[in-house]
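Student: Model the following, please.
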Amino acid sequence: MATVRMAGGEITVGNVFCIGRNYAAHAAELGNAIETEEPMVFLKPTSSVLKVGEPLRLPAWSQDVHHEAELVLLIGRDARDIGPERALSVVAGYGIGLDLTARDVQAQAKQKGHPWTKSKGFPGAACISDFVPADDVAGASCFRFSLTVNGTVRQSGDTDLMLFPLPVLVSYLSRQYGLSAGDMIYTGTPAGVGPLQAGDCLLLTLDGLIEARFKVTE
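Tutor: Below you'll find the model as predicted:
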């Protein structure tokens, strides 16, 4: 059973929703089309969730695991068919995470027209910080976040650049799938994704609110 931390408590994780291609620059760097009609959604198993302090091991069956830094939302109560104007009221907390992707395995799956869950769902593929309670950031209209690897900034994100803003994402997921307390939403990654290797030290920061450190182990 996967859990995440917020305000000193442990919260059981429900669904792990992820949004693809939500930043135009990231879609362009991978040669992907930009989604404009509706968000691109995929899911990760809860077994992929990895909290701060737990060892991050890359899968032996991939030679090209990429980092994707993302703002992550934690849902605090059940929601169905909620409109964008009220969508953020069901968000309990904000965090920073990594959607790790076995890029070589994903590319092979895409070529065959197969699902690519294997490339996104391995243990540790959903790294996550502790969450900041939504009440602590009430009124915030945008967030900035970054990923530093071995002292070098690899990714910098600004939610103002999202193709589908946070209220739209929450509303869409509530209408299409329904949301439940404990669900997490990885909201998409900006440009700058790249490979990781054993020994890498990762630092995630979210708008001065929270930091999360991970080290890739042997």
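
Student: Output the below-cut-off pLDDT ranges for this structure.
Tutor: Residue ranges of the chain with pLDDT under 70: 26-28, 30, 35.

Student: Not counting sequence-adjacent ones, nearest residue to Ser146?
Tutor: In this structure, Ser146 finds its nearest non-sequential neighbour in Ser156, 4.8 Å apart by CB to CB, 6 or more residues apart in numbering. (Glycine included, C-beta is placed from N, CA and C.)

Student: Next up, the contacts around the one you found.
Tutor: Arg144, Phe145, Ser146, Pro190, Gly192 (CB atoms under 8 Å, 6 or more residues apart in numbering).

Student: and what of Thr117?
Tutor: For Thr117, the contact set (CB under 8 Å, 6+ apart) comprises Phe42, Pro45.

Student: That one and Gly14, how far apart?
Tutor: Distance, Thr117 to Gly14, by CB to CB, to the nearest Å: 18 Å.

Student: got it, and Val49?
Tutor: Counting by CB to CB, the separation of Val49 from Gly14 is 11 Å.

Student: more crowded one of these two?
Tutor: Val49 (22 against 17; other CB atoms under 10 Å).

Student: Any idea what that one is bridged to?
Tutor: Taking DSSP bridges as the rule, Val49 bridges to Ala126.

Student: residue closest to the middle of this protein?
Tutor: By CA atoms, centre = their mean, the chain has its centre lying nearest to Tyr186, at 3.0 Å.

Student: Next, that residue: phi, psi?
Tutor: phi -80, psi 120 (degrees, to the nearest 10).

Student: Let me know how buried the residue lying closest to it once chain neighbours are set aside is, in neighbour terms.
Tutor: The shortest distance from Tyr186 to any non-neighbouring residue, by CB to CB, 6+ apart, is to Cys18 (4.2 Å). By the measure other CB under 10 Å, the count of residues near Cys18 is 24.

Student: repeat for Gly53
Tutor: Neighbour number of Gly53 under other CB under 10 Å is 9.

Student: Tell me how far it lies from Cys127.
Tutor: Computed with CB to CB, the distance linking Gly53 and Cys127 is 11 Å.

Student: beta partners of Leu202?
Tutor: With DSSP bridges as the rule, Leu202 is bridged to Val149, Phe214.

Student: Now do the same contact list for the residue nearest to the centre of the chain.
Tutor: Val16, Phe17, Cys18, Ile19, Lys44, Glu70, Val72, Gly97, Asp99, Ala126.
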